[in-house]
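1. Sequence and computational prediction follow.
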Amino acid sequence: MGRDRRWALLVGMGLLLAAVFAAGLAFGSVRLSPSDPMLSAIVRLRLSRVLAGLLGGVGLAVAGVLLQAVTGNPMASPNIVGVNAGAGFAVMLVSCLWPTAWALRPVAAFAGAFGATGLILALCRRNIGRSTLVLAGLGINAVLNAGIALLSLLFPDEFTAYRTFSVGGLAGVQLGDLLLPAVLILVCALVSMLLCPRIQLLTLGDATARSLGVRVGALRVVCLVLASASAALVVSFAGLLGFVGLIVPHIARKLVGGRMVWVLPVSALGGAILLILSDTLGRMLFAPTEVPVGILMAFLGAPFFLFLLLRRREVD
Amino acid sequence: MLHVSDLSVGYGRKAILSQLDFRIEAGSLTVILGRNGCGKSTLLRCLSGQKKPLQGTVSWNGAELFSLEPSRLAQTLALLPQGLPVPDLTVRELVACGRAPWGRGGEAQIAQAMVTADVAQFAGTPMEQLSGGERQRAWLAMTLAQDTPLLLLDEPTTYLDPAQQFRFMDTLQGLSRQGKTIVAVLHDLPLALRYASQVLLLDAGQCVYHGSAADAAEPVERVFGVERWWR
């Protein structure tokens, strides 16, 4: 695809995002009419959700693009390298120890995600190669999931709340919850965009990247921190949404090729479109019952994951 | 000139190559030969500044490689390693990555590199649609676009059929005649002795021969335990 067509695609996706955004405000589990006395209140509630979908989509897609580039593994996503499990374990721990301290949970999500990433980095300090990173992520995931299972046995009352969190959804998100994540997710996306040319070299292999003047270890750490921060910020208001960071970068690469400078913005827009659209559909499909967007993403993402896995095995 | 002095390379504290001393003249095509596991690739990684030696120095025209900033090092030498991935890029996009150490621009170098490596006709083709030999030439074009005086190649002809191997080595020979200093690890003895101007032969942790390819047959036969039939 040529440069002009890539620009046209970006503009088209921007317009589609605007349309999906408007649809997210207009449609939901309740039909609205212009004369409805609750119109402004409902639109305000929906605005929080749609903005959460936009930020969540951008944050998770950017995290997925970075993780896949850094690990050189197209299967990598925030849940593979332990970011989600780290955030989930920390939230579960805080919920069990201090059940009423709701404000602590987003902080715990941050701490858990960074903790898991830090642990992976510490394990890989001697040899932060691609496969080492993914395997370390799998190990960390196993330990954290075992920890979550243990906590659910010891504190069964808190497990119900955790299940809602672990599915992932945008219901109940307040505008005030989004201000800090919005600023930080956009900063992470911007810094990632600026680093794209260097990250591109990382996709050519460590030895080649070093030969081209890249400080491979340092750049990989920066990318992991950016990816962890983006994903943890989303976890803090949307729970453990999976698969956005896996599906979207793949589709973006199919559309615009492998140049990071195009893949990243197309993924960010695509993630936002996918999440807002899925959340709107989730509100409408079984109205008035709402299906959390995390469930829809799992229905979409799990077959996609299996497809990638089978295709990769064929290639291997 | 590449000057290696009292160089020992290894893993941990264990040296696999000890106290190497040699000079590689500018504009030569030097082939490193040796049995499997003798340390050829490790030596190449060390020459490229990617692996610190246990002792000794590697310098290019008097500048110690390990003291150079990464960007300066990348303007001095280019490495084509083994086991390259198939990036999600077109040939031209890959070749353009070679300009990274120099910042923006370099359209002329990119175009020239593709012509020299004979991949200009594939400029807009995705790498995954090329054959193994074409991909290898595209990677060579990327290292040529880096426009460094020193090229280090680790088994660049692996997976190429004989015709592709000769074509690839013809290109390298042409580059060395234009003044590039090329150091390549090769496994194919006839190919190495046919094209190399210098041979560096490693055995049992030592450099057992460093000299012209014309005189290398006997030490090569001794190290590899093969008779003249392979020539």
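-> That came in fine, so what should we check first? Residues are numbered from 1 along each chain as shown, chains lettered A, B, ... in the order given.

2. pLDDT below threshold where in the chain?
-> This is for chain A. Applying pLDDT under 70 to chain A flags the ranges A:102, A:106, A:120-134, A:158-162, A:309, A:311-316.

3. actually chain B
-> Using pLDDT under 70, chain B drops low at B:228-231.

4. Of all the residues in it, which one is nearest chain A?
-> B:Asp88 (2.6 Å; Cβ to the nearest Cβ). For the C-beta atoms, the positions are set from N, CA and C on the backbone; glycine is no exception.

5. Let me see the contact set for the residue of chain A found nearest chain B.
-> Taking Cβ to the nearest Cβ as the measure, the point where chain A comes nearest chain B is A:Gly258, at 2.6 Å. The contact partners of A:Gly258, by Cβ atoms under 8 Å, 6 or more residues apart in numbering or on different chains, come to A:203, B:87-89, B:93.

6. and with 6 Å instead?
-> Counting by Cβ atoms under 6 Å, 6 or more residues apart in numbering or on different chains, A:Gly258 makes contact with B:87-89.

7. so it sits in a strand?
-> No. A:Gly258 is assigned coil when assessed by DSSP: H, G, I helix; E, B strand; the rest coil, not a strand.

8. my read: A:Thr117 touches A:Ser228, true?
-> Yes. When contacts are counted by Cβ atoms under 6 Å, A:Thr117 is listed as touching A:Ser228 (4.2 Å).

9. And B:Glu134, how close does it get to B:Thr158?
-> Distance of B:Glu134 to B:Thr158, given as Cβ to Cβ, to the nearest Å: 15 Å.

10. So these two - more neighbours on which side?
-> For B:Glu134 versus B:Thr158, the count of surrounding residues by other Cβ atoms under 10 Å in any protein chain shown is larger for B:Glu134: 20 against 15.

11. Would you mark the buried spots in the host helix or strand of the more buried one?
-> Secondary structure from DSSP states H and E places B:Glu134 in helix B:132-145. Using 16 or more other Cβ atoms under 10 Å in any protein chain shown as the test for burial, helix B:132-145 gives B:133-145.

12. Contacts for it next, please.
-> B:78, B:80, B:84, B:91, B:94-95, B:97-99, B:109-110, B:113-114, B:116-119, B:127, B:159-160, B:164.

13. hmm, which of the residues you listed are the buried ones?
-> B:78, B:80, B:84, B:91, B:94-95, B:97-99, B:109-110, B:113-114, B:116-119, B:127, B:160, B:164.

14. and the closest residue to A:Leu285 other than its chain neighbours, which of the three is it?
-> Closest residue in space to A:Leu285, ignoring its immediate chain neighbours: A:Val291 at 5.9 Å, by Cβ to Cβ, 6 or more residues apart in numbering or on different chains. What three-state DSSP gives for A:Val291 is coil.

15. What values do phi and psi take at A:Val291?
-> Per-residue torsions, A:Val291: phi -100, psi 120 (degrees, to the nearest 10).

16. Run a quick neighbour tally on it.
-> Using other Cβ under 10 Å: A:Val291 sits among 20 other residues.

17. how close does it sit to A:Gly270?
-> Per Cβ to Cβ, A:Val291 is found 21 Å from A:Gly270.

18. what's in contact with the longest helix along chain B?
-> Assignment by DSSP state H gives helix B:162-177 as the longest helix of chain B. For helix B:162-177, the surrounding residues in contact (Cβ under 6 Å, 6+ apart) are B:27, B:29, B:133, B:157, B:182, B:191, B:195.

19. B:Leu33 belongs to a strand, doesn't it?
-> Yes. Under three-state DSSP, B:Leu33 sits within a strand.
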